[in-house]
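>>> this is a predicted model, with the sequence first.
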Amino acid sequence: MIRKVLILLVALFALTTSLAAQSATETKFREKQADALQRYAASAYKVGFPQVARRIWLMLLSEYASENVEARTALGYQKVGNAWSLDPGFSYPKSDTPDPKAAKRLQDDWKELADKLAKAHLKTAQEYEQAGRTDMARWHFEKVIYFTPDDEEAKTALSHKPVAGLTGTDLEQTLYERSKLIENAVSEELKKTYDVEERPASDTNPLLEKAKVAYSTVKSEHFTLRGDFDIPLLKEAAVNAERALRVMQVAYADKTGFQLDPKRWRTDWAYFKDKETYVQILKANADLMSPSDLKFRVEQTAGCGISDSTTAVDLSAAGNEQGILDGSVRSVAQWCAGFRAPALTEGIGHAFVGMFFNNNRRFIVDRQEQQRTTTGEEDYDKFSPNMDTWKDLAVDSAWKISEGTPAARLPLITADKFPDDARIKSWSFCDYMVRRDPNLLKSLDKLTGEGTPVEVEKKFTAANDGLSISQLEKEWKDFWTEASPVLKAIRDNTEPLSAVSPDAKKWLEAFNKARKEQNATAVTWSSTYSSRCKDHVDYLKANETQRDAGALQSEDAALPGGSHLGNMFAQMALVSTDAVKSKEVFDAWLHLPGYRDALINERLITIGLYADGPFLVVDAIRGVGRPPEGKGGYRVWPNVPKTAVPCEIQVADLGPEFKEFLVLSGHGDKTVLGYPLTLHQFGTGGVSGVKSSYRCQVTINNTPVEGIVHIADGGSNRRASAPGMVVFYPLEPLKKGREVEAVWTFENAEGVVRLATKFNT
């Protein structure tokens, strides 16, 4: 119990001004501001914007009045004795009401409230300054800047200087410059390519040979990649590893202790599609590890290193295309960092993969324990690989700093006990510290296994000229909660209330009507999820040349409104630039395999949507959660015998990525294919089972239809890809007016799965 109290004290100390240290006057002041914030949050909730209300309530509890009953109750807390406890059965609403008039009123009300709060903080800051309480004065001046960024007196008091057309502190200038340095390095590297050669079959790794598994090998300047993926994908992963190395060289330039020379690493990496192959290789090398270690790796890991006296390999169950590309960047990030602490190793990998792809597909440790104990939708978000979802969780964690994993605990977490709140903290803390000063992460890593968080805090402070982890916690919080104009500019997020388009309600109703026709449940709408939709609409409006199947699903950072982050979002968005008649739009979407997935996905609960004239963009990635009762599982489409579907699809409509797949499959001359049949698993973790086992036997009047199977869950163009989707393409257009029978089969841990369907053309 004493240890738990000490850990809590370390977390609480991270707040600049602890409630315990407040005077009665200060407490009264904060409670008064809390009342004003509470009224605004309650109003936002009442008019249909609970996510706006949630952010205000979290800020209120964190900064003003931690005991505020209205805010605590609204967020699902119950008073148990003298402490607040979150009701495990409570589920806070994720959806908003697409009401542009209500959004505009809330924006106007916020401006008025922010002005009042800023004036109150400024008056109090001045009083503290006159009394010589510079610590309290600084806190209040920071709040003035938060609410009214242009206040000149607050800028002067905080020693602001010009930063990127704004003003900020020396630290904020460092954060901005290093953020742009790294982001630009990523963007520039993604434009480059590096030579990669296919190696002969004689180039083998003895540890893989022991398992008698089939694999190919490619080699770039610094890396050897092996695996059962197609050669071009292995080559692309090797190119990404080379790109990542150059990014690390930029991020860690002039820093100490980082391993930027790959000659000091294991650079022989093996990536396999299926966990079964990964386990087979581990068991074939059982003599190189203890029985308990083997058991842990088999049951709870998807990646590890194995070695004997003469050779070594980094082994991974990568899963799909995104998994191997993720893995190549992650491996470079982790080897360059050379951290000992599992949490920091995991965190630094997530940080750089997020910068490259805005997506996380691989984890050091599987989440079996968390999957068993997950109860609410908020917990379910932690299983999403989408980094925008993780960023939302990081903001929540920052406001609720006293309830989460303190940074001082990160060096003490072991791989077998790595809860998801610690995973979010390790990633978000590493992401911040890479921007601030990576050397401080090395200093923290040196304290791996050093007793308790209190001892870690003490030793870290002594080793860093008085800079405490508590101060870094405060900075981390400011970064994720966008506490200043410069920090807002780094995060570069569109304000959710600005993402409420006039026609959002109409298009949401039409989207749900289209889903109902496919026996899918209605989805709700989120202003937060709609922010990136608005950004992509603005980009498309500004760039009239970007209209083909590839350009619609991407953004060029060199064009007006384009960005690397926007490009990553656009890849999996649903997009129309001819959104006039909703039925025509959604009928057309139903025939694109990846768009179809969103229209029938039972796990899709909430979407982002922004419409402006003929432009419509939908985010159907972030709002995936638990399916409704009695729904979920596998689904094949078409599965409607009485409804006729088209006979063919144009290859050009599926995007350039699919065209490349056809070339690799030996059918690059095809411009038209038969109508695509799909199998959907609707998860966020990709296609399950043995990927090489997927088959689709299609017949018309007992005559087989020749075609190809596309494991389509790892691509970067939503037209032909979606999480957990497999597609069968007949090689020739189907005959009109025929009944088609299709039988899908594949293997998983429980045996052979068989799914049959019939439909008409």
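Perfect, thanks for sending it.

>>> check which element follows the longest helix along the chain along the chain.
In the chain, taking DSSP state H as the definition, the longest helix is helix 100-130. Next helix or strand after helix 100-130 toward the C-terminus (DSSP states H and E): helix 134-147.

>>> next, the angle from that next one to helix 100-130.
If you take axes from the mean of the first three to the mean of the last three CA atoms, to 10 degrees, helix 134-147 sits at 160 degrees to helix 100-130.

>>> hmm, who's touching helix 134-147?
Helix 134-147 has contacts (CB atoms under 8 Å, 6 or more residues apart in numbering) with 16-17, 26, 63, 114-115, 117-118, 121-122, 124-126, 128-129, 151, 153-155, 157-158, 483-485. No exception for glycine: its C-beta is placed from N, CA and C like everyone else's.

>>> ok, of those residues, which come out buried?
Burial by neighbour count, 16 or more other CB atoms under 10 Å: within the contacts of helix 134-147 this picks out 16, 26, 63, 117-118, 121-122, 124-125, 128-129, 151, 154-155, 157-158, 483-485.

>>> now do the same contact list for the most centrally placed residue in the chain.
Note on the chain: the residue nearest the mean C-alpha position is M387, at 1.4 Å, using CA atoms, centre = their mean. Counting by CB under 8 Å, 6+ apart, M387 touches 354, 357-360.

>>> and those, which two are furthest apart?
Pairwise distances across the contacts of M387 (CB to CB) peak at 9.0 Å, for the pair N358 and N360.

>>> any chance of the backbone angles for T757?
phi -150, psi 160 (degrees, to the nearest 10).

>>> OK, contacts around it?
T757 neighbours (CB under 8 Å, 6+ apart): 636-639, 677, 741-744.

>>> take those residues and write them to TSV, including secondary structure.
Formatted as TSV, these follow (DSSP: H, G, I helix; E, B strand; the rest coil):
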residue	secondary structure
V636	strand
W637	strand
P638	coil
N639	coil
L677	strand
E741	strand
A742	strand
V743	strand
W744	strand
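
>>> neighbour-wise, which of these leads?
L677 (26 neighbours; other CB atoms under 10 Å).

>>> quick check: K116 touching D35?
No - contact between K116 and D35 fails when scored by CB atoms under 8 Å: they sit 11.8 Å apart.

>>> coming back round to it: average model confidence for the longest helix of the chain?
Per-residue pLDDT over helix 100-130 has a mean of 97.

>>> same check, this time on stretch 73-85
91.

>>> in it, what counts as buried?
Quick answer for stretch 73-85 (16+ other CB under 10 Å): 74-77, 84.

>>> next: stretch 340-358.
Buried, per 16+ other CB under 10 Å, within stretch 340-358: 341-358.

>>> pLDDT weak spots in the protein?
1-21, 360-385, 627-632, 641-642, 683-685 (pLDDT under 70).

>>> can you list the buried residues in the helix or strand harbouring V663?
Using DSSP H and E, V663 sits within helix 656-664. Across helix 656-664, burial judged by 16+ other CB under 10 Å covers 656-659, 661-662.

>>> format the buried residues of stretch 73-85 as a markdown table; extra columns: secondary structure and distance to D431.
Shown next, in a markdown table, are those (DSSP: H, G, I helix; E, B strand; the rest coil; distance: CB to CB, whole Å):
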| residue | secondary structure | distance to D431 |
| --- | --- | --- |
| A74 | helix | 29 |
| L75 | coil | 25 |
| G76 | coil | 28 |
| Y77 | strand | 28 |
| W84 | strand | 29 |
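
>>> list the contacts for V726?
Applying CB under 8 Å, 6+ apart, the residues near V726 are 678-679, 687, 694, 709-713, 744, 746.

>>> which one of those residues is nearest to Q173?
D713 (42.0 Å).

>>> check contacts around the closest residue to S692 other than its chain neighbours.
Once flanking residues are discounted, S692 sits nearest to K273: 7.1 Å by CB to CB, 6 or more residues apart in numbering. By CB under 8 Å, 6+ apart, the residues touching K273 are 227-229, 317-320, 691-692.

>>> try it again with 7 Å
Residues counted as contacts of K273 (CB atoms under 7 Å, 6 or more residues apart in numbering) are 228-229, 318-319, 691.

>>> could you do L731 as well?
So L731 contacts 667, 673-674, 706-708 (CB under 7 Å, 6+ apart).

>>> would you mind checking those residues for buried ones?
673-674, 707-708.

>>> looking at the residues you listed, which are in strands?
Among these, the residues falling in strands (DSSP state E) are 673-674, 707-708.

>>> re the thing from before, give me the contacts around the helix holding V663.
For helix 656-664, contacts defined as CB under 7 Å, 6+ apart pick out 230, 232, 550, 651, 668, 670, 710, 715-717, 720.

>>> over to stretch 476-489?
Here stretch 476-489 makes contact (CB under 7 Å, 6+ apart) with 142, 145-146, 149, 163-164, 166, 168, 172, 175-176, 394-395, 398-399, 401, 428-429, 432, 491.

>>> tally up the residues packed near K111, please.
The number of residues near K111, taken as other CB under 10 Å, comes to 11.

>>> report the separation between it and N493.
Distance, K111 to N493, by CB to CB, to the nearest Å: 18 Å.

>>> for E197, same thing?
Here E197 is placed at a distance of 42 Å from N493 (CB to CB).

>>> does the spatially closest residue to Q38 that is not a sequence neighbour count as helix, strand or coil?
Nearest residue to Q38 in three dimensions, chain neighbours excluded: E70, at 5.2 Å (CB to CB, 6+ apart). Under three-state DSSP, E70 falls in the helix class.

>>> so E70 sits against R39, correct?
No - using CB atoms under 7 Å, E70 is not in contact with R39, being 9.2 Å away.

>>> so G608 lies in a helix, does it not?
No - looking at G608 with three-state DSSP, it is strand, so not inside a helix.

>>> which secondary structure elements does the one helix or strand H350 maps to contact?
H350 belongs to helix 342-357 when elements are defined using DSSP H and E. Helix 342-357 is packed against helix 170-189, helix 321-337, helix 420-436, helix 438-445, with contacts defined by 3 or more CB pairs under 7 Å, 6 or more residues apart in numbering; DSSP states H and E.

>>> would CSV of the ones you listed with mean neighbour count and distance to A542 be doable?
Output for the helices and strands packed on helix 342-357, formatted as CSV (neighbours: other CB atoms under 10 Å; distance: least, CB to CB, whole Å):
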stretch, mean neighbour count, distance to A542
helix 170-189, 18, 19
helix 321-337, 26, 29
helix 420-436, 24, 29
helix 438-445, 20, 36
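
>>> out of those helices, which comes closest to G724?
Of all these, helix 321-337 comes closest under CB to CB, at 12.0 Å.

>>> against which helices or strands is that closest one packed?
So helix 321-337, by 3+ CB pairs under 7 Å, 6+ apart, packs with helix 231-251, strand 268-272, helix 342-357.

>>> I'm done for today, thanks for sticking with me.
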